[in-house]
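>>> sequence first, then the predicted structure, then my questions.
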Amino acid sequence: MNICVVGTGYVGLVTGACFADLGNQVVCLDIDERKIGLLREGKLPIYEPGLDEVVQRNAQAGRLTFTTSYPEALQDAEVVFVAVGTPSGVDGEADLRHVREVAETIADVVEHEIIVINKSTVPVGTGDWVSEIMRKRCGDGVHFSVVSNPEFLREGSAVHDFMHPDRIVLGSEDRAAAQCVAHLYLPLRATVMVTDLRTAEMIKYASNAFLATRISFINEIAAICDELGADVKEVAFGMGCDRRIGHHFLQAGLGWGGSCFPKDVMALAHMAEIHGTHPQLLRAVMDINRAQRRRVVRWLRDALGTLDEKTIGVLGLSFKPNTDDVRESPSIEVIRMLQNEGAQIRACDPQGLETAAAILDHVAFCQSPYETAQGCHALVLATEWEDFRYLDWPRIRAAMQGRVLIDGRNFYDPETMAQAGFDYRPIGRGIRLNPQNPATI
Ligand code: NAD
């Protein structure tokens, strides 16, 4: 099939490359000339494991091309996937300006029958709104259908997730159009669920909100464990062995972040409020998440006496391992809170240095944990990259001025850290920092 994918970000580029890999003819379109320029030179504008290979293979085979021109991209397209950003607006609502622009431009340009498939995460009712925009602007006789096809891939394993989905959700008032899109996914042998537009849109928000809720739940349990001397890691394992609960998304830590959960939970709460329901649980889920960041900053302040002019090393900047994406990263939020209290920050990340440097000021970006540790009063493990798992801890300890180590992801073994001479505090494991005389730190 001839496919156009609008937006070549984490979702769009993976979608385009993977559909090309399944034998389709794909044109990826973006208004960002830099991104398209890089892609045409065979370079990826983002870091995503395994994606480079799929893009190269299909570009070389002539199945995958890149453009900034809508007329060129839509010329032969039978279906168009929309994968543009839907960031938070001022009130926490989803900002749909990019979706509107795309719908208007497609309507103005297309002259043949087309199926518009929305992959962006959009508020319930957006599909109807897109249909309305297109109905008003499309030329006479141009038949179009709108299908919602929310995306569930995770950054860091996006290619694998796209090729091995748990389910494909398709929502449309036009069953034939939904069937046509289902056909595209046939090679994946995945469960396909066809429903109406609004239900499909809601499935995406409900899924993300539920996953965020699980993390906030275990973080609340972690805070209670810390007070009562229980170990949340073992509690979570014991809970997860129950098949009704399972192990996923029960890791206590600095909380959830990234380009999806924060904006999607907020947008769902906003949707609920403007329609007169009171999303108490969603509000609590967000509050608990913010509290996780504040808790770690408080531990550091208490341990060091003050954060003013203290040097804190941060291991990890991306919102999770295996991505360069730092949008709404817990690490970035903690860094900003520490800086607000006068701390000097040193930080490293295997892939996120460039993206973090674009949004953070006054941070000494380092090439390794060893360089990061130089002269630090305390270290915080913020992102659990495998690169940080086995480090020469005596060397790190020797490079530091102080000995506090906060493990924001419960990544390390408390005994190993104590043996290496650290004053070590994980999250929710009943282990506290030793009160020290700040003057000696
Ligand atoms: P992104 O910011 O990485 O990419 C969006 C791209 O759209 C950018 O390259 C931008 O230049 C382009 N764009 C904006 N306006 C355009 C226009 N008018 N015409 C053409 N291109 C335009 O975003 P993303 O992370 O890929 O997310 C896209 C959507 O998918 C969002 O709604 C997001 O919530 C959803 N989603 C994201 C993920 C994820 O892990 N990133 C997972 C599932 C769903």
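Done, it's in.

>>> so how far is the first residue of stretch 45-58 from its last?
Using CA to CA, to the nearest Å, the end-to-end distance of stretch 45-58 comes to 17 Å.

>>> buried residues in it, which are they?
Of the residues in stretch 45-58, those scored as buried under the neighbour-count criterion (16 or more other CB atoms under 10 Å) are 45-48, 51, 54-55, 58. C-betas here are computed from N, CA, C, even on glycine.

>>> what sits up against that stretch?
When contacts are defined by CB atoms under 8 Å, 6 or more residues apart in numbering, stretch 45-58 is touched by residues 8-10, 13-14, 17-18, 20-21, 26, 32, 34-35, 38-39, 42, 44, 64, 155-160, 322-325, 351.

>>> what about that stretch and the ligand, touching?
No: looking at stretch 45-58 against the ligand by CB under 6 Å from any ligand atom, there are no contacts, and the closest approach is 6.9 Å.

>>> mean confidence score for that stretch?
Stretch 45-58 shows a mean pLDDT of 97.

>>> chain center to it: distance?
Its chain's C-alpha centre lies 18 Å from the corresponding centre of stretch 45-58 when counted by CA atoms, centre = their mean, to the nearest Å.

>>> ok, now stretch 75-93?
Here the centre of mass of C-alpha atoms in stretch 75-93, compared against the chain's by CA atoms, centre = their mean, lies 16 Å away.

>>> and what of stretch 241-260?
Its chain's average C-alpha position is 14 Å from that of stretch 241-260, according to CA atoms, centre = their mean.

>>> for it, list the C-alpha coordinates in PDB.
The C-alpha atoms that make up stretch 241-260 are tabulated as PDB, following Å, rounded to 0.1, in the frame of the first residue of the first chain:
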ATOM      1  CA  CYS A 241       3.700 -12.700  42.000                       C
ATOM      2  CA  ASP A 242      -0.100 -12.500  42.200                       C
ATOM      3  CA  ARG A 243      -1.200 -13.100  38.600                       C
ATOM      4  CA  ARG A 244      -4.000 -10.600  39.100                       C
ATOM      5  CA  ILE A 245      -1.400  -7.900  39.800                       C
ATOM      6  CA  GLY A 246       1.800  -8.800  37.800                       C
ATOM      7  CA  HIS A 247       5.200  -7.300  38.000                       C
ATOM      8  CA  HIS A 248       5.100  -4.500  35.500                       C
ATOM      9  CA  PHE A 249       5.100  -0.800  36.500                       C
ATOM     10  CA  LEU A 250       5.600  -1.600  40.200                       C
ATOM     11  CA  GLN A 251       9.200  -0.100  40.500                       C
ATOM     12  CA  ALA A 252       9.500   2.600  43.100                       C
ATOM     13  CA  GLY A 253      11.700   5.500  42.200                       C
ATOM     14  CA  LEU A 254      11.800   9.100  41.200                       C
ATOM     15  CA  GLY A 255       8.400   8.700  39.500                       C
ATOM     16  CA  TRP A 256       7.200   8.700  35.900                       C
ATOM     17  CA  GLY A 257       8.100  11.300  33.300                       C
ATOM     18  CA  GLY A 258       8.700  11.400  29.600                       C
ATOM     19  CA  SER A 259       6.900  12.800  26.600                       C
ATOM     20  CA  CYS A 260       3.600  10.900  27.300                       C
END
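
>>> those residues of the stretch 201-350 of the chain touching the ligand, which are they?
Proximity of the stretch 201-350 of the chain to the ligand (CB under 6 Å from any ligand atom) is limited to residues 259-260.
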